[in-house]
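Engineer: Have a look at this prediction, sequence included:
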Amino acid sequence: MSRTPLIAGNWKMYKTGPQAVETAKELAALCSDVQDKEVMIAPTYLSLPLVSQAVKGSRLYVGAQNLYFEKEGAYTGEVSADMIKAAGAEYAIIGHSERRQFFSETDESVSKKINAAVQTGLKPVMCIGETLEEREAKKTFLVLDKQVSDGLKGFGLDDLKDLVLAYEPVWAIGTGKTASVEQVEEVHQYLRSLLEKLFESKLANQTRILYGGSVKPENAKDLMGIADVDGALVGGASLDAGSFINIINYNAV
Ligand code: 13P
């Protein structure tokens, strides 16, 4: 089965509305003839409707960086999946390590958020990854197994038809330290076989597994060339359209 690569930019807490619109428009123009992959950008909640409007009719998809799992209610400061969808987003990043680290996200809340995304028709980009301490203690697979098993517990094949997994080793995020080709290959293979074990081969074959963590124009080709890597989740290097397009075009000669 062929999987269309997804190159996603997580803009984190960067850019005001006007700045996000400017970069999004620049990127949309640069992506006009990208045919072989999907490109998604995830600006802040505030910029979502502005960016969605600005890139309408282009090849860019828009995603949120998070969502809250309740439909609506007295949850001051939160944003629901319906609101995100109505703002023009198609994807939602869920369980990013920064949310786990700074905002107490757990595998349980990740699971509820995936459920909210699925019920609303948003495509979930579920983030997983081990810390340096866990890697050094040889617990990488144990940690990933738990994050995937608990995060996806109770879902059926149909619920997960649009699932995207993003493997982001915490020690490689924003540090300039990229995981080696061997490390990424080993983990992505493991994750695909885990999906097969937990669900079935159809889901394992169709699910895109992205790599994230210091992806740059200089290393994108090597990382994206790995058999079980189906795209990238890019932080810092996605903030500038000129740099991001060089990652998106990793396979151009
Ligand atoms: P960097 O590309 O800045 O390391 O960030 C990766 C990331 O966290 C994307 O979600």
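Structural biologist: On my side now, so go ahead.

Engineer: Please report how far residue 81 lies from residue 159.
Structural biologist: 14 Å (Cβ to Cβ, to the nearest Å). Placement of C-beta: from N, CA and C, glycine included.

Engineer: Give me the more crowded residue out of the two.
Structural biologist: Per other Cβ atoms under 10 Å, whichever of residue 81 and residue 159 has more neighbours is residue 81, with 25 against 16.

Engineer: Ignoring the adjacent residues along the chain, who's closest to that one?
Structural biologist: Nearest residue to residue 81, sequence neighbours excluded (Cβ to Cβ, 6 or more residues apart in numbering): residue 120, at 3.8 Å.

Engineer: What residues does the stretch 101-250 of the chain have near the ligand?
Structural biologist: 168, 173-174, 212-215, 233-237 (Cβ under 6 Å from any ligand atom).

Engineer: contacting residues around the residue in the stretch 151-253 of the chain positioned nearest to the ligand?
Structural biologist: Among the residues of the stretch 151-253 of the chain, residue 235 lies closest to the ligand, at 2.3 Å counting by Cβ to the nearest ligand atom. Residues in contact with residue 235 (Cβ atoms under 8 Å, 6 or more residues apart in numbering) are 9-10, 12, 173-174, 212.

Engineer: Between those, identify the one with the most neighbours.
Structural biologist: residue 9 (28 neighbours).

Engineer: Contact partners for residue 157?
Structural biologist: Counting by Cβ under 8 Å, 6+ apart, the residues that residue 157 touches are 199-200, 202-203.

Engineer: scratch that, residue 82
Structural biologist: 71-72, 120.

Engineer: which of the residues you listed are buried?
Structural biologist: Applying 16 or more other Cβ atoms under 10 Å to these, the neighbour count classes residue 120 as buried.

Engineer: these two touch, right, residue 226 and residue 186?
Structural biologist: No: using Cβ atoms under 8 Å, residue 226 is not in contact with residue 186, being 9.9 Å away.

Engineer: Centre-most residue in this protein?
Structural biologist: residue 125 (4.3 Å; Cα atoms, centre = their mean).

Engineer: Identify the residues contacting the helix or strand containing that one?
Structural biologist: Residue 125 is located in strand 123-128, with elements delineated by DSSP states H and E. With contacts defined as Cβ under 8 Å, 6+ apart, strand 123-128 is touched by 8, 63, 90-97, 110, 113-114, 117-118, 144, 147-148, 151-152, 162-168, 191, 210, 212, 233.

Engineer: Please apply the same query to stretch 92-108.
Structural biologist: The contact list for stretch 92-108 (Cβ under 8 Å, 6+ apart) reads 8, 10, 12, 42, 63-67, 81, 84, 109-110, 113-114, 117, 122-129, 146-147, 150-151, 166, 168, 170, 173, 233.
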